[in-house]
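Chemist: Quick one, structure for this:
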Amino acid sequence: MMKKMIPALLLAVCLAGTAAADSISFSGTVQSSRTETVYAPIGGMVEAVPVQFGDEVTADTVIAKVRTTKVYAAEDGTVTAVYGQPGDDAETVAARYGALVYIEGPYTLMVSTTTSKAYEEKENFIVHPGETVYVVSRSQNSTKGKGIITTVEGSSYTVLLTEGNFLMGDSVNICRSPKYSLTSSLGRGNISRVSPTAVTGTGSIVSFAVQPGDTVQRGQLLFETVEGGFDGLVMTGTEIKAGTDGVISSLSVSQGTDVAKGSPMAEIYPKDAVQVTAEVTESDLKELSVGQKVKVELDWNENLGVSYEGTVEKISAVGTVGEESTTYTVCVSFKPDEHTRYNMTALVSTLDGSLADDEEKDPAEEEEELQEPEEGTEGTAEGKARSAEETENGDEEKPERGERSPRSGTREETPAE
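Modeler: Have a look, this model is predicted:
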């Protein structure tokens with residue numbers, strides 16, 4: 001039995017030596033297999049950039065915040081109407097409804113007139129913006145009130161009524177004297193409606209701060225807009241988010257810069273795209289194939305015995321010709337841990353094929369392989385020994401003189417003495 005096992009053991013040792021010689025190692029750099037670009041969904045001035053190069057981010061991390069245009073009330077009053085909704089184009093809404101917000105002031109009646117009907121005194125033909133005047137109805141009820149001259153253009157002027165229970169269409173005299181004297185008359189006209197203040201904006205609506213019926217004061221926020229438009233008129237906010245888990249590899253914006261809709265703002269290395277990129281000489285390519293399992297070690301913790309299982313994902317089809325040899329780019333994917341950083345140096349080693357085979361073999365199968373089968377032993381040491389035994393046996397059974405030889409079929413004659 002021992003004689004039979006010796007040749008097989010020698011063969012196994014030789015194969016193991018060959019497999020060990022075929023194992024190779026090469027250095028590479030931890031990189032990303034792809035890059036995700038974050039584009040600005042809206043335009044405007046960047047108000048804040050809360051991240052920086054190299055930061056780890058999640059899909060919901062805010063990359064930048066765009067400053068909005070805030071529109072405020074120009075006067076005290078009551079909001080009578082609000083048109084549009086977040087995401088709408090402000091100018092389109094204003095073209096349809098005349099404004100985004102309408103505000104009615106505390107005074108709703110006015111008189112538009114001229115000095116052409118003023119009493120013929122020199123001073124009565126000159127009026128001043130901001131001047132207080134006194135208004136009296138020309139009808140039988142003689143309703144009285146007060147007003148302020150708001151605009152003057154040549155001989156024409158407008159009076160905003162601040163007191164008095166007048167009706168639309170009433171004919172009134174406008175006097176400079178609080179006694180409503182005829183000699184102080186500055187003209188006459190009819191009572192009309194003050195148009196509500198129409199508030200418009202540009203860009204896309206981000207939000208409204210008021211609703212119909214609200215009482216507002218001068219300087220109070222009404223709504224906010226941003227430059228450009230939202231996709232599908234859906235307001236996505238002024239915060240621009242990463243959109244994927246990973247690491248910030250570059251930033252194209254800073255606080256105070258203007259961005260246009262669709263412009264690149266940042267690039268991210270995705271968390272699931274970590275790989276080792278290495279240059280391998282053409283002489284070593286025969287030991288590598290796509291899909292092959294390899295071992296990855298990082299230089300910084302190599303003394304700790306930490307390694308990662310990797311997979312050869314790509315071998316470049318075109319090499320780089322150097323002075324001494326041609327190299328090919330090999331990409332190896334692996335699952336990183338919290339200690340892995342981009343641009344770290346890594347060592348990639350192919351696995352010993354013979355060791356992998358031994359782990360998969362059943363012990364009973366191993367023993368069978370070490371024992372040579374009874375058949376097919378020609379040319380081996382055991383086969384030669386068996387042939388020798390058969391030859392010896394054949395000589396012992398050699399036929400006597402004068403008997404018929406089974407090989408020749410002829411009788412063998414005994415030579416005469």
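Chemist: Strands of the stretch 151-300 of the chain, start to end?
Modeler: For the stretch 151-300 of the chain, the strands defined by DSSP state E, counting those that start in this stretch cover 156-163, 171-175, 185-193, 197-199, 204-208, 215-216, 221-226, 239-241, 246-251, 258-259, 264-270, 274-281, 293-298.
Chemist: For residue 275, give me the pLDDT.
Modeler: pLDDT, residue 275: 94.
Chemist: Point out where this structure drops to low pLDDT.
Modeler: 1-22, 234, 236, 302, 352-417 (pLDDT under 70).
Chemist: Quick check, central residue of it?
Modeler: With distances taken as Cα atoms, centre = their mean, the residue of the chain nearest its centroid is residue 243 (3.5 Å).
Chemist: so who does it touch?
Modeler: Residues near residue 243 by Cβ atoms under 8 Å, 6 or more residues apart in numbering: 36, 38, 59, 268. C-beta here means a position set from N, CA and C on the backbone, and glycine is covered the same way.
Chemist: which stretches of the stretch 1-150 of the chain form strands?
Modeler: 25-32, 36-39, 44-48, 56-57, 62-66, 69-72, 77-82, 101-104, 109-114, 132-137, 144-153.
Chemist: quick revisit: mind putting the contacts of residue 243 into CSV with neighbour count and distance to residue 222?
Modeler: Listed next are these as CSV, based on neighbours: other Cβ atoms under 10 Å; distance: Cβ to Cβ, whole Å:
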residue, neighbour count, distance to residue 222
36, 17, 38
38, 22, 31
59, 12, 33
268, 27, 37
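Chemist: Residue 58 and residue 245 touch, don't they?
Modeler: Yes. Applying Cβ atoms under 8 Å as the test, residue 58 and residue 245 come out as touching, 5.2 Å apart.
Chemist: Looking at these two, which has the bigger crowd around it?
Modeler: Comparing residue 58 with residue 245 by other Cβ atoms under 10 Å, the one with more neighbours is residue 245, at 16 against 12.
Chemist: For that one, give me its contacts.
Modeler: 57-59, 270-272.
Chemist: Residue 227 against residue 263, yeah?
Modeler: No. Contact criterion Cβ under 8 Å: residue 227 and residue 263 do not qualify, at 11.7 Å.
Chemist: which one of those two has more residues nearby?
Modeler: More neighbours surround residue 227 than the other of residue 227 and residue 263, with 19 against 12 (other Cβ under 10 Å).
Chemist: check contacts around that one.
Modeler: Neighbouring residues of residue 227 by Cβ under 8 Å, 6+ apart: 42-44, 69, 202-204, 260-261.
Chemist: Can you tell me which of the residues you listed is nearest residue 214?
Modeler: Closest approach between the contacts of residue 227 and residue 214, by Cβ to Cβ: residue 69, at 20.5 Å.
Chemist: Surely that closest one and residue 200 touch.
Modeler: No. The pair residue 69 / residue 200 is not scored as a contact, 11.7 Å apart, by Cβ under 8 Å.
Chemist: burial of the residue lying closest to residue 239 once chain neighbours are set aside, as a residue count?
Modeler: Distance criterion Cβ to Cβ, 6 or more residues apart in numbering; nearest residue to residue 239, sequence neighbours excluded, is residue 62 at 4.8 Å. Neighbourhood size, residue 62 [other Cβ under 10 Å]: 16.
Chemist: what pairs with residue 62 across the strands?
Modeler: In this entry, residue 62 is beta-bridged to residue 241, by DSSP bridges.
Chemist: Quick check: the gap between it and residue 50.
Modeler: Going from residue 62 to residue 50 by Cβ to Cβ, to the nearest Å gives 6 Å.
Chemist: cool, residue 145 as well?
Modeler: Taking Cβ to Cβ as the measure, residue 145 falls 58 Å from residue 50.
Chemist: same check, this time on residue 245
Modeler: 17 Å.
Chemist: So residue 44 sits against residue 259, correct?
Modeler: Yes. Using Cβ under 8 Å, residue 44 is in contact with residue 259, at 6.8 Å.
Chemist: any common contacting residues for those two?
Modeler: Common contact partners of residue 44 and residue 259 (Cβ under 8 Å, 6+ apart): residue 66.
Chemist: can you list contacts of stretch 324-331?
Modeler: 26, 28, 33, 275-283, 285, 288, 312-316, 318-320, 348.
Chemist: quick one: buried residues of that stretch?
Modeler: 327-331 (16 or more other Cβ atoms under 10 Å).
Chemist: got it, and stretch 311-327?
Modeler: Buried, per 16+ other Cβ under 10 Å, within stretch 311-327: 311-313, 315, 319, 327.
Chemist: can you tell me which residues contact the residue lying closest to residue 25 once chain neighbours are set aside?
Modeler: Excluding the flanking residues, the one nearest residue 25 by Cβ to Cβ, 6+ apart is residue 349, at 4.3 Å. Residues counted as contacts of residue 349 (Cβ under 8 Å, 6+ apart) are 23-25, 294-295, 297.
Chemist: From those, list just the buried residues.
Modeler: So, by 16+ other Cβ under 10 Å, the buried ones in those are 24, 294-295, 297.
Chemist: thinking again about what came up before, reformat the buried residues of stretch 311-327 as TSV; add distance to residue 251 and secondary structure.
Modeler: Output for the buried residues of stretch 311-327, formatted as TSV (distance: Cβ to Cβ, whole Å; DSSP: H, G, I helix; E, B strand; the rest coil):
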residue	distance to residue 251	secondary structure
311	32	strand
312	33	strand
313	28	strand
315	33	strand
319	35	coil
327	33	strand
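Chemist: Closest to residue 184 out of those?
Modeler: residue 313 (95.4 Å).
Chemist: what residues are up against that closest one?
Modeler: Counting by Cβ under 8 Å, 6+ apart, residue 313 has contacts 33, 275, 290, 331-333.
Chemist: one more time with 10 Å
Modeler: For residue 313, the contacting residues are 33, 275-276, 290-292, 330-334, by Cβ atoms under 10 Å, 6 or more residues apart in numbering.
Chemist: sorry, back to before: out of the buried ones among the contacts of residue 349, who's nearest residue 93?
Modeler: residue 294 (60.9 Å).
Chemist: got any residues that touch both of residue 227 and residue 263?
Modeler: residue 43.
Chemist: can you count the residues close to residue 108?
Modeler: Neighbour tally, residue 108, other Cβ under 10 Å: 14.
Chemist: so what's it up against?
Modeler: Residue 108 touches 77, 160-161, 168, 193-196, counting by Cβ under 10 Å, 6+ apart.
Chemist: again, only this time at 7 Å
Modeler: 193-194 (Cβ atoms under 7 Å, 6 or more residues apart in numbering).
Chemist: Before I go, just wanted to say thanks for your time.
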